[in-house]
Every structure is written in C-alpha cells, then in structure tokens.
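Engineer: the sequence isn't on hand, but the structure is:
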C-alpha cells in the first residue's frame, strides 16, 4: 500500500498543470521542449559557482552510518501528505469549527457581499499554500537528514538537493503565487451565471447563499474546483521530496 501510494504521487505529479488546463485558465499549452535549457536559466551564476564547488567536494564527503529515525522516509512523506490532504478536505467541511483554515461562508461569519467577491477565497487559498510550504519544507529537511544516515551515495544526493533547493524554491514560489490569479479568472467566469449579488424581494442572505451553494450553484462548482486545485498543487509540491524517497527505494531494491 505504501509503495503504491508513493507511485501514485509520482504518476499524478503533473496533475496541477492538467487541472489548470481543464479549468481553461491557461492561455497556452506548457511546452516540455528545451526543458534542460529553461531549467538552467533558473540557476544564476552564483548558484552555478556553488554547485561547481559542491561537485568537487561530493566524492570526498565522509560518511558515518547514523541510527536513523523511527519512521522511514516513505512513511514520513505519506504521513505529512495525508495530514495536508485532510487539512484541505476538512476546511471545506460544513462545520466551520472543524478546521484551522475555514472556507469563507455565511456560517463562518463572512457577509454575503464579500462571498460574491474573490478576496476571501484568495486569502483562504493562500493560507493553504503557506501551510503546504511550511510543512513540506520541514519534511524535505527530515528526509534529507535520513538519507545522510543511510549511505554515502544518498548523503551526496541530499547535499546536492540542499544546494539546489533554495534556487529552485524561489522560482517555484513565484510560479505557484500566480495560481490564485488564475483561480480568480475561474471565479469570475462562474459568477457570470449569478443573477445579482444581493438578491431581490424577500430573499434573505441565507436563501441566496443556499442557492449559490446548491449542487447546481455557481459557488458550489467553484468550491469543487478550488478543492481539486489545492490537492493537485499539494502533489506538485511533493515532487522534489519524492525524488529523494525514490532514490532510497531504488537503493534498497538493489540490496
């Protein structure tokens, strides 16, 4: 079960791009041509010098087997992944007190006019992004330390991963920060089906919000899209640490 779950992360790691494409928020198809050249542009001259110096040191690194931790890298990744998935799902639950990050709703105390704007959902999505970044950064640090205690080859890989991490994470943060802007376009598209933002006649705010969030309501569709996008982004963010775990599993398979 563990191995299958880890393979699923790897197979669906590009689900984020596919999900954005399905939501029709990407202006053009993403090309995989000249990938190595474009990746090289993410690393500036200073980073290149540091990597060159690290390359000379890798083979001279001393290695002393460590005691390791109670959980294997695979188990640790799956534990954090499950916790973050549950955090996303729980934040969409009907009971607003069940989660630390709460979906903006009337029950959560957000006025109806605010619920017809993207602002509260932007804050909601960004809160999950911050949680992803914090937990996965800690996870990557733990997995890297675990590799250093297993073998000299994996210790070298962990050192290389650490050297690349800062350079690539800056660009990843910039790219992932764009996602709420793309999600706002989806929100505006779905909101076009709404007849006004405050209702008319004797309709109460509760009645209007209930209509918006009915199975066929535009806001219910947006909530579903936003939850799917959050889960896809989570899988994407886990890809770097999954590379480390796969290296551990591959070495274990050779023994």
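Structural biologist: Ah, there it is. Remember, it's a predicted structure, so these values are computed and weren't measured experimentally.
Engineer: wait, what's in contact with residue 204?
Structural biologist: Counting by CB atoms under 8 Å, 6 or more residues apart in numbering, residue 204 makes contact with nothing. For every residue, glycine as well, the C-beta is placed using N, CA and C.
Engineer: quick one: low-confidence parts of the stretch 1-150 of the chain?
Structural biologist: 1-71, 96-98, 150 (pLDDT under 70).
Engineer: I'd say residue 242 and residue 77 touch.
Structural biologist: Yes: between residue 242 and residue 77 there is a contact at 6.8 Å, judged by CB atoms under 8 Å.
Engineer: who's more crowded, those two?
Structural biologist: residue 77 (25 against 20; other CB atoms under 10 Å).
Engineer: isn't that one up against residue 139?
Structural biologist: Yes: the pair residue 77 / residue 139 is scored as a contact, 6.6 Å apart, by CB under 8 Å.
Engineer: which residues do the two both contact?
Structural biologist: Shared contacts of residue 77 and residue 139, counting by CB under 8 Å, 6+ apart, come down to residue 241.
Engineer: next, the contact list for residue 136, please.
Structural biologist: So, once contact is read as CB under 8 Å, 6+ apart, residue 136 ends up touching 80, 84, 237-238, 241.
Engineer: same check on residue 193?
Structural biologist: Here residue 193 is in contact with residue 218 (CB under 8 Å, 6+ apart).
Engineer: likewise residue 129?
Structural biologist: Residue 129 is in contact with 176-177, 179, 233, counting by CB under 8 Å, 6+ apart.
Engineer: what do you get for residue 128?
Structural biologist: 87-88, 91, 101, 230.
Engineer: cool, and residue 179?
Structural biologist: For residue 179, the contact set (CB under 8 Å, 6+ apart) comprises 20, 125, 129, 229, 233.
Engineer: narrow the contacts of residue 129 to those in helices?
Structural biologist: Residues of the contacts of residue 129 located in helices (DSSP state H): 176, 179, 233.
Engineer: buried set for the top helix by length along the chain?
Structural biologist: Secondary structure assigned by DSSP H gives helix 119-148 as the longest helix of the chain. By neighbour count on 16 or more other CB atoms under 10 Å, the buried set for helix 119-148 is 120-122, 124-125, 128-129, 131-132, 135-136, 139-140, 142-144, 146-148.
Engineer: the stretch 151-255 of the chain: helices as residue ranges?
Structural biologist: Remark: helices assigned in the stretch 151-255 of the chain by DSSP state H, counting those that start in this stretch are 152-176, 179-191, 205-212, 218-237, 239-254.
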